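Colleague: Dropping a prediction and its sequence here:
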Amino acid sequence: MTTFRTLLAAFAFAFVSVGPAIAQDAPMTIAGATTVTGQQVIDLVTKNPDLVILDNRQPADFDAGHIEGAVRLLDTDTNAETLAKHVKSKDAAVLFYCNGLKCGRAAKAAEVAVKLGYAKVHYYALGMEEWRKLGLPTVR
């Protein structure tokens with residue numbers, strides 16, 4: 001019976017430990033930003049040639065393939081100075097993406113942009129996970 005209780009306790013601990021990790025998934029929406037799908041990203045690029053696309057992933061992820069025209073900017077490096085360097089004005093359209101909901105970097109970067117007053121923030125929550133599933137093109 002002691003072995004059973006030990007296993008049960010270990011299972012309970014593991015379940016509780018995983019719970020917060022699941023809760024840390026990125027949100028599907030960001031207040032003040034427009035959430036877009038892969039097809040909507042294509043539409044944005046087509047309709048807005050000045051769209052700034054910011055890839056918020058690690059260098060190795062970016063180098064393995066990214067959306068054409070994207071500039072890599074880590075979420076941890078996203079601030080007033082770096083956004084101003086890449087986005088001409090706070091009224092310019094900007095798209096943030098990363099590896100998807102398990103990544104969360106785009107959510108953090110988009111939140112920073114909204115807080116700084118950027119008016120046309122687009123958030124591709126499903127990111128490269130969906131992009132690749134849809135068979136959309138990437139560049140290296």
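Modeller: Now that the structure is in, tell me what you want to look at.
Colleague: Name the spans of this structure whose pLDDT lies under the cut-off.
Modeller: The model of the chain has pLDDT under 70 over residues 1-24.
Colleague: Any idea which residue is closest to the centre of it?
Modeller: In the chain, the centroid-proximal residue (CA atoms, centre = their mean) is Ala106; its distance is 2.6 Å.
Colleague: Restrict the helix or strand containing it to CA atoms and write it as PDB.
Modeller: Taking DSSP states H and E as the criterion, Ala106 maps to helix 105-115. Below are the C-alpha coordinates for helix 105-115, written out as PDB (Å, rounded to 0.1, in the frame of the first residue of the first chain):
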ATOM      1  CA  ARG A 105       7.000  35.300 -27.700                       C
ATOM      2  CA  ALA A 106       4.700  37.100 -30.200                       C
ATOM      3  CA  ALA A 107       2.100  37.600 -27.500                       C
ATOM      4  CA  LYS A 108       4.600  39.300 -25.200                       C
ATOM      5  CA  ALA A 109       5.900  41.500 -28.100                       C
ATOM      6  CA  ALA A 110       2.500  42.400 -29.300                       C
ATOM      7  CA  GLU A 111       1.500  43.400 -25.800                       C
ATOM      8  CA  VAL A 112       4.500  45.700 -25.600                       C
ATOM      9  CA  ALA A 113       3.600  47.400 -28.900                       C
ATOM     10  CA  VAL A 114       0.000  47.900 -27.800                       C
ATOM     11  CA  LYS A 115       1.100  49.400 -24.500                       C
END
